[in-house]
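Q: Got a predicted model here, sequence first, then my questions.
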Amino acid sequence: MGGFNTIQEAATGGGKILQVLSTEKADVFTNADGSWVDVTGLTVTITPAAATSKVFVMYSFEGSFQGGGYGGAFRLVRDSTAVHLGTMAGSNRIPSSGGAYGQNATGSSPEQMFTVSSHFLDSPSTTSATVYKIQANSMWTTAIYIGQSQADADTDKFIRAPSTISVMEISA
């Protein structure tokens, strides 16, 4: 059924890409706060041409958590509202767009990194400038690092990686 809707939208003039914007973050970020914090530089702003437009958001980043920790959570935020969250009805679970989990205990591989990559089709219903950003929460660890391995030593065993967030406006 999804394919039929796509063909129908294209036949009636919808589904055209109107604009594409992207931000690449090449530096690193650390959150040791234990609360939701904006990942500095992992933000993109789009001004939709029509209130009926959809915005397709894609993001990807690599990171790690401090040794002895268990992981952290991440979420996509539109302006000040978290979007693309798991269902939370009747639950004490943490609403997030994704996360990384696994023990980096003392003596474990300090080179170990996780990858978070996702996409989301949003309906912001506005023609005002709209900000999409990633937030991180270090709730289960001392610190979360984005763009680097936890040890981050200056040797050929450790990497640094870019992070990206991209948006496409799609006509209705």
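A: Arrived safely, thanks for sending. Residues are numbered from 1 along each chain as shown.
Q: Only C-alpha atoms from now on, for both contacts and neighbour counts.
A: Fine.
Q: pull the CA atoms of the strand ranked longest in the chain into CSV?
A: Of all segments of type strand in the chain, defined using DSSP state E, the longest is strand 54-65. Extracted in CSV, the C-alpha atoms of strand 54-65 (Å, rounded to 0.1, in the frame of the first residue of the first chain):
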residue,chain,number,x,y,z
LYS,A,54,7.0,17.0,5.0
VAL,A,55,10.6,17.2,6.3
PHE,A,56,12.7,14.0,6.0
VAL,A,57,15.4,14.1,8.7
MET,A,58,18.5,11.8,8.6
TYR,A,59,21.3,11.7,11.2
SER,A,60,24.3,9.6,12.0
PHE,A,61,27.1,9.7,14.5
GLU,A,62,29.6,7.6,16.3
GLY,A,63,30.6,7.8,19.9
SER,A,64,31.6,6.0,23.1
PHE,A,65,31.1,6.2,26.8
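Q: Over it, what's the mean pLDDT, rounded is fine.
A: Taken as a whole, strand 54-65 has an average pLDDT of 90.
Q: Which strands border that strand, and is each parallel or antiparallel?
A: strand 114-122 (antiparallel), strand 144-146 (antiparallel), strand 163-170 (antiparallel) (DSSP bridges).
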